[in-house]
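Student: Predicted coordinates and the sequence they were generated for:
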Amino acid sequence: MSLPKISRVPASRLLSAVHDPRWPLRSAAPLAVPKRALTQSGYRRPGQPREDKPPWQRIKFDFSKGLEGITKHFKLLRQEFSDRLVGPEGKPIIEHMLEQNRVIWEFRGPDSLQEWTLSSDREIGGQSEIHLKLGKNNETCFLYGTLQSAPPRDGETRYSGYCSMRSKQPLVSFDRKKHHDWSSFNTLHLRIRGDGRPWMVNIAAESYFTHQKDDLYSYFLYTRGGPYWQDVKIPFSKFFLTHRGRIQDNQHPLWLDKVNTIGFTLGDKADGPFQLEIDFIGVCKDYAHTEDFAYEVYKRNPEV
Amino acid sequence: LLFAMGLGTTITFASSHWLLAWMGLEINTLAILPLMCQSHHPRAVEATIKYFLTQATAAAMLLFASITNAWITGQWNLEFMSYSLPTTLVTVALALKIGLAPLHAWMPEVLQGLDLTTGLILSTWQKLAPFCLLLQINPSNTSLLLILGLASTLVGGWGGLNQNQLRKILAYSSIAHLGWMILVLQFFPSLTLLTLFMYFVMTFSLFISFKVNNSTTINSLSMSWSKTPIISSMVPFILLSLGGLPPLSGFMPKWLILQELTKQSLAPLATLAALSALLSLYFYLRISYAMTLTMSPNTLLNALPWRLPSNQHTLPLAITT
């Protein structure tokens, strides 16, 4: 039992404790959790060992790694300069104009798995698991795991049970953010093979303020289980705005000129194993799609 | 709101006291802010905030400079700025307000976050008030204005090369043109005004044609030949006029500016400015190439615009050098 020891106060001293509120606290046993200053330094993922060292003792100085980092960033910088000579984003402008399909993420080697971040219930104390590996012949990515919707027992969470995979923010030299520019496309094209579960595709665009950092544009992805591959084409006009998982009243279309990440989330309340295989994720330009935005933008209940 | 903007610029025009001028500029800024975030998109709000912060900084610097001048000379009048520090500070503050290099960083992103009409107002109307102040002060150090002007033309040319978003291209073209205007400010102010008005007309027509095509990237422009063939044939003229090619009217201010600079024995500067105009000409040419000289593989459904644009864009063709 790791409950902190509760000090037993003799009955005679309770009366004096009424006038002196600090008394019971002074006699309490030392708490089992570490002091606030150490845990305030960041988020600790559950399952990782707790580090009780103060910040100045946590510095690891490695000269060769530092040198590697510097050379890597300068190489990226030089690459960027030479890319600019060719055209925006390193491609000549004629390619930008004529482009109709672009494959953004393809899973053809173990390096491609490094671009993705997995997260699940486990971070808040639940029991879902998620893993990512390469599929057969190194051709696809295989996302699998178990969903458990038992909520963690911390007294505040009511519902739980989610797993998600999110692409990492692309970075340029010196760890600056780079955005995907999909303004010449209007549809998201995925080739997936699922097990019948309903997933959610989330696209995060570049945002500026703290309140809008968790703005995601989502849409559903219904997988049909089955041995056949499923080609899913979702126009970007269908993505609706959500903030921290809740759909917002004031909707606006997703602007495609600064897209940061894309992610897949599973949150149906069915416990059990799940699998999703993704062949590629790309964007394409559907010339027959003329819709700007699929949802109403004007006020739905105007005050009279 | 539009009335407030007009009021702001008018106050600045009519003012001879620094405080009144500053007030006019502030009214201008504050009136355009709600216009900018009307679309309630987070990118528009971000552009509004960036614009507000830069303009507020510039206004604060302006106020500080005018107060310093008043402290030193006891004069609140606009024309009597005789000390170098306040004058320099005022120039820098006004440069930030209109987006000259090296204080131009806010311009492309702010314009990118706005829709085309508001972007038009921002890049044309908002330049009037700071320019009238710039015209009235006596610049004490000539090199500052020349450096600002040259840097703006260079930055405007180089920065616009790698963009395929139209609003950013227009922002960089605005920076370049403002650079040209500043170059000649201290020698022949009426040339500055001429360039300013030419730029207004050309940018206005360009914005309107982009708005009619409802396009914000170069790729979507390539569809416009099927939607509005008349505009597609006029836009290359406008673009080349912005670039300053001889038979079109955009060449006139550039030619006169170069002439004036050489008269002031600043021939190397004139050469550099002319060479940097080439850079911006490259991306104007690229846009006109995309619009007119290419046929894209598939056409969108013809959505004919049912409101008529203004006919002002025929003016540049009518005026020849």
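Tutor: Nice, I can see it. As the structure is a computational prediction, the values presented were derived from the model and not from experiment.
Student: quick check, stretch A:163-176 touching chain B?
Tutor: No. Judged by CB under 8 Å from any CB of the partner chain, stretch A:163-176 and chain B are separated, with a smallest distance of 13.5 Å. Every residue, glycine included, has its C-beta placed from N, CA and C.
Student: Quick check: residues of the stretch 1-150 of chain B near chain A?
Tutor: B:39, B:40, B:41, B:42, B:43, B:45, B:46, B:49, B:112.
Student: The fourth one: what's its closest spatial neighbour, skipping adjacent residues?
Tutor: The one in question is residue B:42. residue A:212 (5.0 Å; CB to CB, 6 or more residues apart in numbering or on different chains).
Student: That neighbour and residue B:41 touch, don't they?
Tutor: No. In this structure residue A:212 lies outside contact range of residue B:41 using CB atoms under 8 Å: 10.5 Å.
Student: So which of those two has more stuff around it?
Tutor: Between residue A:212 and residue B:41, residue B:41 has the larger neighbour count (other CB atoms under 10 Å in any protein chain shown), namely 19 against 15.
Student: OK, contacts around the more buried one?
Tutor: Contact analysis of residue B:41 by CB atoms under 8 Å, 6 or more residues apart in numbering or on different chains lists A:252, A:255, B:113.
Student: so who does residue B:176 touch?
Tutor: B:152, B:153, B:155, B:156, B:157, B:160, B:276, B:277, B:280.
Student: so where does it fall, helix or strand?
Tutor: helix B:166-183 (DSSP states H and E).
Student: Okay, residue B:282 and residue B:33: tell me how far apart.
Tutor: Distance of residue B:282 to residue B:33, computed by CB to CB, to the nearest Å: 34 Å.
Student: Looking at the two, which one has more neighbours?
Tutor: Neighbours per residue, other CB under 10 Å: of residue B:282 and residue B:33, the larger number sits with residue B:33, 15 against 12.
Student: Now do that one, the pLDDT please.
Tutor: Here the pLDDT value assigned to residue B:33 is 85.
Student: And for residue A:157?
Tutor: If you check residue A:157, the pLDDT there is 83.
Student: Looks to me like it is in a helix.
Tutor: No. Residue state for residue A:157 (DSSP: H, G, I helix; E, B strand; the rest coil) corresponds to coil; a helix is not indicated.
Student: Ignoring the adjacent residues along the chain, who's closest to it?
Tutor: Of all residues not flanking residue A:157 in the chain, residue A:151 sits nearest, at 4.8 Å (CB to CB, 6+ apart).
Student: how close does the one you found sit to chain B?
Tutor: Note on residue A:151: its distance to chain B, by CB to the nearest CB, to the nearest Å, is 32 Å.
Student: and that residue, what does it touch?
Tutor: Applying CB under 8 Å, 6+ apart, we find residue A:151 in contact with A:126, A:157, A:158, A:159, A:160, A:161.
Student: can you pick the most crowded of those?
Tutor: When neighbours are counted by other CB under 10 Å, residue A:126 leads those with 22 neighbours.
Student: which SS class is the closest residue to that residue other than its chain neighbours?
Tutor: Distance criterion CB to CB, 6+ apart; nearest residue to residue A:126, sequence neighbours excluded, is residue A:160 at 4.5 Å. Three-state call for residue A:160 (three-state DSSP): coil.
Student: Report the secondary structure state of the residue in the stretch 51-200 of chain A that chain B sits nearest to.
Tutor: The minimum distance from the stretch 51-200 of chain A to chain B, using CB to the nearest CB, falls at residue A:184 (4.2 Å). Three-state assignment for residue A:184 (three-state DSSP): coil.
Student: doesn't residue B:221 make contact with it?
Tutor: No. In this structure, residue A:184 is not within contact of residue B:221 by CB under 8 Å, at 10.9 Å.
Student: For those two, indicate the residue with more neighbours.
Tutor: residue B:221 (25 against 21).
Student: Get me the contact residues on the stretch 151-300 of chain A for chain B.
Tutor: So the stretch 151-300 of chain A meets chain B at A:181, A:183-184, A:205-209, A:212, A:215, A:250, A:252, A:255, A:257-258, A:287-288, A:290 (CB under 8 Å from any CB).
Student: The residue nearest the centre of chain B - nearest residue in space that isn't next to it in sequence?
Tutor: Compute the mean C-alpha point of chain B, and by CA atoms, centre = their mean the closest residue is residue B:174, 3.6 Å away. Leaving aside its sequence neighbours, residue B:174 sits nearest to residue B:123 (CB to CB, 6+ apart; 4.8 Å).
Student: Now that neighbour: which helix or strand?
Tutor: Using DSSP H and E, residue B:123 maps to helix B:116-136.
Student: elements contacting that helix?
Tutor: helix B:2-14, helix B:18-36, helix B:84-98, helix B:106-113, helix B:166-183, helix B:189-213 (3 or more CB pairs under 8 Å, 6 or more residues apart in numbering or on different chains; DSSP states H and E).
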